[in-house]
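Enquirer: Predicted structure and sequence below. I'll ask about it afterward.
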Amino acid sequence: MRKFDPWAVFFRREWNRNWPFLAGFAITGALITKFTAGLTGELRMVLEQGYASPPADIMPITVLIFLHH
């Protein structure tokens, strides 16, 4: 007689419980990676030009207002 294997039941139950977390984690990680990769081009330009701070054309207006005061 074959012995009952509880692992299949355990993994199915845990997958049904945790898939939204795993999907959200994957989407969040992909977005963070995409936005970080998009920033590297601007940061490389700033470093090559030798600015202490990014030029005004790539800085958000809120940062410029904050730095002005």
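Expert: Yes, it's here.
Enquirer: Pull out the buried positions in stretch 21-41.
Expert: Within stretch 21-41, no residue counts as buried by 16 or more other CB atoms under 10 Å. Just so you know, the C-beta spots here come from the backbone N, C-alpha and C atoms, and that holds for glycine as well.
Enquirer: Summarise which helices and strands the longest helix belonging to the chain is packed against.
Expert: When the chain is parsed with DSSP state H, its longest helix is helix 7-49. Taking 3 or more CB pairs under 8 Å, 6 or more residues apart in numbering; DSSP states H and E as contact, there are no helices or strands that helix 7-49 lies on.
Enquirer: sec struct for D5, please.
Expert: Classification of D5 using DSSP: H, G, I helix; E, B strand; the rest coil returns coil.
Enquirer: can you tell me how far T28 sits from T36?
Expert: 12 Å (CB to CB, to the nearest Å).
Enquirer: per-residue confidence at M45?
Expert: Looking at M45, its pLDDT is 70.
Enquirer: How about E48?
Expert: pLDDT, E48: 72.
Enquirer: can you list the weak-confidence ranges in the protein?
Expert: 39-44, 46-47, 50-69 (pLDDT under 70).
Enquirer: what about M45, how many residues close to it?
Expert: M45 is flanked by 13 other residues according to other CB atoms under 10 Å.
Enquirer: and K3, backbone torsions?
Expert: Backbone torsions of K3, given as degrees, to the nearest 10, read phi -80, psi 140.
Enquirer: ditto for D5
Expert: phi -110, psi 110.
Enquirer: Run a quick neighbour tally on it.
Expert: Neighbours of D5 (other CB under 10 Å): 8.
Enquirer: ok, it to R13 distance?
Expert: Counting by CB to CB, the gap from D5 to R13 is 14 Å.
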